[in-house]
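Asker: Just need the structure, nothing else, for what follows:
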Amino acid sequence: MRILHVNKFLYRRGGAEAYMLDLAALQRARGDEVAFFGMQHPDNDPQPYAASFPSRVEFEPPPASFTGKARAAARMFWSSSAARGIDTVLADFDPDVVHLHNIYHHLSPSILRPIAARRIPAVMTLHDYKLACPTYQFLDKGELCQACLGGHFSQAPRRRCKGGSLGASALAAAELSLHTRLHAYATIGRFVCPSQFMADTMASAGVFPDRLRHVPHFADIAGVVPGDAPGRGIAVACRLSHEKGIDVVIDAVGRLGMDTTLDIAGEGPERGALEERAAAVAPGRVTFHGRLPGADVQRLLRGAVLACVPSRWYENQPMIVLEALACGTPVVASDLGGAGELVTPGGEGALVPANDPSALAAAMAPLLTDPSGARAMGLSGRAKVQVAFAPDRHLANLDAVYGEATDMVGRTKVGS
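Answerer: The predicted structure follows:
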């Protein structure tokens, strides 16, 4: 099978990119031909079709000049360069299916028209809630909010939920309103939801409910060796942005014993503020490692007593939970979104209320004081991942979704 993966970033920026790159490697390993389309970026892995990618544009922070802001805003709605670029790639690579990931803003749904014109089946993995929420995350200035659910996108500028900015909130609402009104995503055959929570939420929002398919992510533990002894301290690996709640785990560490350490892997806009917070509430006990390669993240997880996922938003299916369990490390996570589908309290770890450092510290303390017991929980989680999230199982489920999308456009399947 020839598969074109499409994502705005083509490097390990976050969970969506990690999943896409790992999936592509899995597909290549079984004999599929895989190519990528995205936006030009200096951190991208080398790409054969890079010359056809649209130019780089950034929204956070936004361009400084008025002209730059105007061009970026126009790109959100429609990108002729992205449409031309993907058409060039489609003509040369001739994929059997296009697997879309995060295309909003930087690529825009303009890329869907050339795919449909060539009658190529398209499948999209939903990594966030963008098709139901203008700001992706069901957050209003950091607090959970579902005011826009069901197409009430004007709530975004009313609440100024995009960073407290009327202009940014209005632009995000206008983008989603226009694309919804124009049925911009209607040519996508199937939408893959990694969590049941995502599938239920998008169905309740009226986002193509008959095309949603629950397909959990996978964890390839074949090359992942669990720790050979109880670990030490707490590990966190994610993008350092507000919705991830890293400030909460830092505050929780400040409430724990002076021998409790926290290792943080990742980069993001909150790093400076988080470093200042750590120096104030847990001096000398928090280490920021920056963005790490996958093997180094595994070493970090393997060497910890527990991994923490303190998110304050509805996580879809956080890959870091599966990665930690694959390493034999239990997980303490916020009880929001799809996290509860991965972690059983008392089984693979614990679930706690979001935004509550005291509750988080209380949940982590028993594991930290009993590293051997924590390791037993982690190994139990590893056994669960090995069966429920096996790569072969994921590929089979995904192939079935590819087949449904192929039937929808009436294209002859490979091997038919």
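Asker: how far away is the closest residue to P269 other than its chain neighbours from E323?
Answerer: With sequence-adjacent residues excluded and distances taken as Cβ to Cβ, 6 or more residues apart in numbering, P269 is closest to S241, at 5.9 Å. Heads up, the C-betas are built off the backbone N, CA and C, glycines and all. Per Cβ to Cβ, to the nearest Å, S241 is found 19 Å from E323.
Asker: Could you do A147 as well?
Answerer: 33 Å.
Asker: quick one, which of the two is more surrounded?
Answerer: E323 (25 against 16; other Cβ atoms under 10 Å).
Asker: Quick check: the more buried one touching A219?
Answerer: Yes - between E323 and A219 there is a contact under Cβ atoms under 8 Å: 6.6 Å.
Asker: just the strands in the stretch 251-400 of the chain please.
Answerer: 262-265, 286-290, 306-309, 331-334, 349-352 (DSSP state E, counting those that start in this stretch).
Asker: Of all those, which one is nearest G142?
Answerer: strand 331-334 (13.5 Å; Cβ to Cβ).
Asker: what's in contact with the closest one?
Answerer: 245, 306-312, 315, 318, 321, 324-325, 339, 342-343, 348-354, 360, 363-364, 367, 381 (Cβ atoms under 8 Å, 6 or more residues apart in numbering).
Asker: That strand: partners in the sheet, and parallel or antiparallel?
Answerer: strand 306-309 (parallel), strand 349-352 (parallel) (DSSP bridges).
Asker: Out of those strands, which one sits most buried?
Answerer: Burial of these is given as mean neighbour count (mean count of other Cβ atoms under 10 Å); strand 306-309 ranks first at a mean of 27.
Asker: Tabulate the CA atom coordinates of that strand in CSV.
Answerer: Only the C-alpha atoms of strand 306-309 are listed here, as CSV (Å, rounded to 0.1, in the frame of the first residue of the first chain):
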residue,chain,number,x,y,z
LEU,A,306,6.3,7.1,38.2
ALA,A,307,5.3,9.2,35.2
CYS,A,308,3.0,12.1,35.7
VAL,A,309,0.4,13.4,33.2
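Asker: Mind listing residues that contact that strand?
Answerer: Strand 306-309 has contacts (Cβ under 8 Å, 6+ apart) with 231, 234-238, 249, 252, 301, 315, 318, 320-321, 324, 329-334, 339, 349, 360, 364, 367-368, 374, 378.
Asker: Adding distance to F208 and mean pLDDT, write the strands paired with strand 331-334 out as CSV.
Answerer: Shown next, in CSV, are the strands paired with strand 331-334 (distance: least, Cβ to Cβ, whole Å; pLDDT from 0 to 100):
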stretch, distance to F208, mean pLDDT
strand 306-309, 29, 97
strand 349-352, 30, 96
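Asker: Including distance to P109, could these go into a markdown table?
Answerer: As requested, the strands paired with strand 331-334 are exported to a markdown table (distance: least, Cβ to Cβ, whole Å):
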| stretch | distance to P109 |
| --- | --- |
| strand 306-309 | 31 |
| strand 349-352 | 36 |
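Asker: Give me the neighbour count for D370.
Answerer: Residues near D370, counting by other Cβ under 10 Å: 14.
Asker: Adjust the sequence numbering to begin at 28 for everything that follows.
Answerer: Yep, numbering from 28; the last one is D397 now.
Asker: Check it and give its pLDDT.
Answerer: The model reports D397 with a pLDDT of 95.
Asker: now swap in P320 and tell me
Answerer: 87.
Asker: which residue sits closest to it, ignoring its sequence neighbours?
Answerer: Using Cβ to Cβ, 6+ apart, the nearest residue to P320 is R39, at 7.9 Å.
Asker: How about the contacts made by that neighbour?
Answerer: Contact analysis of R39 by Cβ under 8 Å, 6+ apart lists 45, 48, 318, 320-321.
Asker: R185: which of those is nearest?
Answerer: Nearest member of these to R185, counting by Cβ to Cβ, is A45, at 35.3 Å.
Asker: For the closest one, which three-state class applies?
Answerer: helix (DSSP: H, G, I helix; E, B strand; the rest coil).
Asker: For it, give its distance to T371.
Answerer: To T371, A45 is 24 Å away according to Cβ to Cβ.
Asker: Listing request: residues of the stretch 178-327 of the chain with sub-threshold pLDDT.
Answerer: Across the stretch 178-327 of the chain, nothing is flagged by pLDDT under 70.
Asker: Do a quick rundown of the helices in it.
Answerer: Secondary structure of the stretch 178-327 of the chain (DSSP state H, counting those that start in this stretch): helices located at 182-186, 193-208, 223-231, 273-282, 298-308, 321-329.
Asker: Tell me which of those helices approaches V116 most closely.
Answerer: helix 193-208 (22.3 Å).
Asker: What lies in contact with that closest one?
Answerer: With contact meaning Cβ under 8 Å, 6+ apart, helix 193-208 is reached by 89, 100, 103-104, 132, 136, 157-158, 160-162, 175, 178, 180-184, 186-190, 211-212.
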